[in-house]
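[1] Turn this into a structure:
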Amino acid sequence: MNNYQKQLMERISSIKMISKTGEEGLARIDGDSLILRQNENYHITKYSLSIESTSIESIVINDKEYKSKANRIEAQIDFGEPVKKVTIRFKMDLADPLEVITKYEFADKTAYDAKDADLRRQNILEILKLKCRTGFGNAQLYWKSNPPKASKLTILLYAIIEGQDHAPMRYLMKEIKPANNEYYASVADLPYGNYSFLFTMECDGGLKVEEEIGFTIANPFDTIEKKMKKLSETVYASGKNTVCI
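    Numbers count the residues shown, from 1 in each chain. Prediction:
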């Protein structure tokens with residue numbers, strides 16, 4: 001790039017890369033290179049490259065010329081068909097055409113797939129709205145509905161017991177299989193203690209949704225006794241019409 005070309009290139013006021021659905025990539029000029037960075041969604045490969053400049057007449061990509069209109073050029077970029085260079089032509093032939101090398105920065109497919117799977121899991125859990133209720137030795141896990149294309153459902157019951165180092169240990173007690181068209185799983189005759197339901201659902205595309213919900217089966221009489229004891233410790237005098245605390 002000579003000094004004339006450099007001065008004309010400095011008149012670029014904006015350069016953007018946007019897909020038809022509005023997702024943006026990143027485009028910038030770095031010396032003699034045009035850097036094109038794909039949106040994190042690697043499924044999007046086609047973009048409109050928009051360049052605003054008062055000095056550029058047109059750009060040429062794969063022998064196709066895109067001319068400036070109202071000081072703006074709109075060209076098509078496809079990450080599925082990378083090109084090695086782009087030719088920039090200046091207005092009034094103020095400088096020789098400039099060839100810039102295109103450098104593509106592709107999205108991280110593994111990172112995007114992990115992020116997308118996590119988002120899908122969260123959406124499914126929002127549909128399910130898993131809740132747990134307990135009673136006298138009983139517990140019930142229930143949910144609103146099964147999401148579409150769910151292929152397998154597994155519910156495991158664990159007992160949670162404190163280990164020697166005071167860390168909780170999980171002991172598998174049983175697998176619960178809900179009947180068809182039922183949106184709950186229940187267990188009965190549980191002794192007092194801590195437990196958890198592990199809800200696992202396999203969905204279309206190999207997506208695995210998992211959530212563990214802990215619960216406690218408490219002795220209701222212990223709770224009443226503690227409340228009565230606390231009340232007796234705070235009440236120390238009473239009369240016909242008053243109670244002193």
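[2] Tell me the bridge partners for Ile18.
    Ile18 has these beta-bridge partners by DSSP bridges: Glu24, Ser48.
[3] Please read the previous query as pertaining to Val86.
    Judged by DSSP bridges, the bridge partners of Val86 are Val100.
[4] does it really touch Leu36, like I thought?
    No - assessed by C-beta atoms under 8 Å, Val86 is found out of contact with Leu36, at 9.6 Å. C-beta: built from backbone N, CA, C; applies to glycine.
[5] The helix or strand containing Glu52: which residues count as buried?
    Taking DSSP states H and E as the definition, Glu52 sits inside strand 46-53. Within strand 46-53, the residues scored as buried using 16 or more other C-beta atoms under 10 Å are Tyr47, Leu49, Ile51, Glu52, Ser53.
[6] Please apply the same query to stretch 107-127.
    Applying 16+ other C-beta under 10 Å to stretch 107-127 flags Ala107, Tyr112, Arg120, Arg121, Ile124, Leu125 as buried.
[7] remind me, longest helix of this structure?
    Ranked by residue count under DSSP state H, the longest helix found in the chain is helix 109-128.
[8] ok now it, how far from the chain's centre?
    Distance of helix 109-128 from its chain centroid, counting by C-alpha atoms, centre = their mean, to the nearest Å, is 5 Å.
[9] same deal with stretch 7-25?
    Taking mean C-alpha positions (C-alpha atoms, centre = their mean), stretch 7-25 and its chain are 27 Å apart.
[10] Pull the residues that contact that stretch.
    1, 26-29, 36-39, 41, 44, 46-56, 77, 88, 90, 94-95, 98 (C-beta atoms under 8 Å, 6 or more residues apart in numbering).
[11] would you put the C-alpha positions of that stretch in CSV?
    Only the C-alpha atoms of stretch 7-25 are listed here, as CSV (Å, rounded to 0.1, in the frame of the first residue of the first chain):
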residue,chain,number,x,y,z
GLN,A,7,-4.7,8.3,2.6
LEU,A,8,-7.7,7.2,0.6
MET,A,9,-8.2,4.1,2.7
GLU,A,10,-8.3,6.3,5.8
ARG,A,11,-11.5,7.8,4.5
ILE,A,12,-13.4,4.6,5.3
SER,A,13,-15.8,5.7,8.0
SER,A,14,-17.5,2.4,8.6
ILE,A,15,-17.1,-1.3,7.7
LYS,A,16,-19.6,-3.9,8.9
MET,A,17,-20.5,-7.5,8.2
ILE,A,18,-24.2,-8.5,8.9
SER,A,19,-26.2,-11.6,8.1
LYS,A,20,-29.7,-11.5,6.6
THR,A,21,-31.2,-12.3,10.0
GLY,A,22,-29.3,-9.5,11.8
GLU,A,23,-26.4,-11.4,13.4
GLU,A,24,-23.1,-9.5,13.1
GLY,A,25,-19.6,-10.7,12.3
